[in-house]
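Chemist: what shape does this take:
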Amino acid sequence: MSSYVKILLISTVVVLVAMSAQAKNFGENLILDKNTSISEILKNGDAYVGKRVKVEGLIVDVCAKRGCWMYLAGQGPFEKLRFKVIDGEIVIPMEARGKRAVAEGEVQKFDLSREQVIEQRKHHAEETGQPFDPASVTSGETFYQLRGLGVEIPGL
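Modeler: Residues are numbered from 1 along each chain as shown. Down below sits the predicted model:
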């Protein structure tokens with residue numbers, strides 16, 4: 001193999017590696033400099049309601065029907081934060097699952113009754129194909145999520 005062909009092959013590999021490491025952007029450009037930890041938002045959510053935040057985490061789940069939400073893992077065990085967009089505004093691909101993401105959104109708070117929790121979990125079970133027993137819900141709940149504005153996912 002000539003040295004010209006070797007250089008061409010090495011250059012091609014370098015370009016392909018660089019391209020695969022670039023982030024794919026969905027929605028708005030990210031504008032915040034500082035990340036807020038998912039753990040902090042989940043612990044002190046009321047302090048962030050209505051504010052734009054930037055978070056980073058592993059994508060542990062994605063909406064299989066419309067790509068309209070994803071869950072990002074927090075720093076603590078079993079912590080996750082939902083990133084929800086208006087259907088069709090941003091479509092998060094299923095291939096994003098298992099990748100790290102940097103996302104920005106506005107923190108929202110939801111206080112749900114027991115009946116609303118049942119409806120929400122039933123809908124989620126239908127979207128994900130998981131079984132759901134309404135008797136497993138014994139009370140209402142409060143949760144926080146990001147109204148998704150933009151996300152970067154490297155490696156897509």
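Chemist: for residue 58, list each beta-bridge partner.
Modeler: Residue 58 forms beta bridges with residue 100, as assigned by DSSP bridges.
Chemist: from residue 35, how far out is it?
Modeler: Look at residue 58 and residue 35: by C-beta to C-beta, to the nearest Å, they are 14 Å apart. Where you see a C-beta, it was placed from the backbone N, CA and C, and this is true even at glycine.
Chemist: same check on residue 29?
Modeler: The spacing between residue 29 and residue 35, counted by C-beta to C-beta, is 16 Å.
Chemist: those two: which is more packed in?
Modeler: Summary of the neighbour comparison: residue 29 and residue 35, criterion other C-beta atoms under 10 Å, with residue 35 having more neighbours (15 against 9).
Chemist: you'd agree that one is in a helix?
Modeler: No: with DSSP: H, G, I helix; E, B strand; the rest coil as the criterion, residue 35 is coil rather than part of a helix.
Chemist: so what's it up against?
Modeler: 54, 55, 56, 102 (C-beta atoms under 8 Å, 6 or more residues apart in numbering).
Chemist: now with 10 Å?
Modeler: When contacts are counted by C-beta atoms under 10 Å, 6 or more residues apart in numbering, residue 35 is found next to 53, 54, 55, 56, 57, 102, 103, 104.
Chemist: format these as TSV; extra columns: distance to residue 70, neighbour count and secondary structure.
Modeler: Listed next are the contacts of residue 35 as TSV, based on distance: C-beta to C-beta, whole Å; neighbours: other C-beta atoms under 10 Å; DSSP: H, G, I helix; E, B strand; the rest coil:
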residue	distance to residue 70	neighbour count	secondary structure
53	16	21	strand
54	15	18	strand
55	11	24	strand
56	13	14	strand
57	10	23	strand
102	12	19	strand
103	8	27	strand
104	13	23	strand
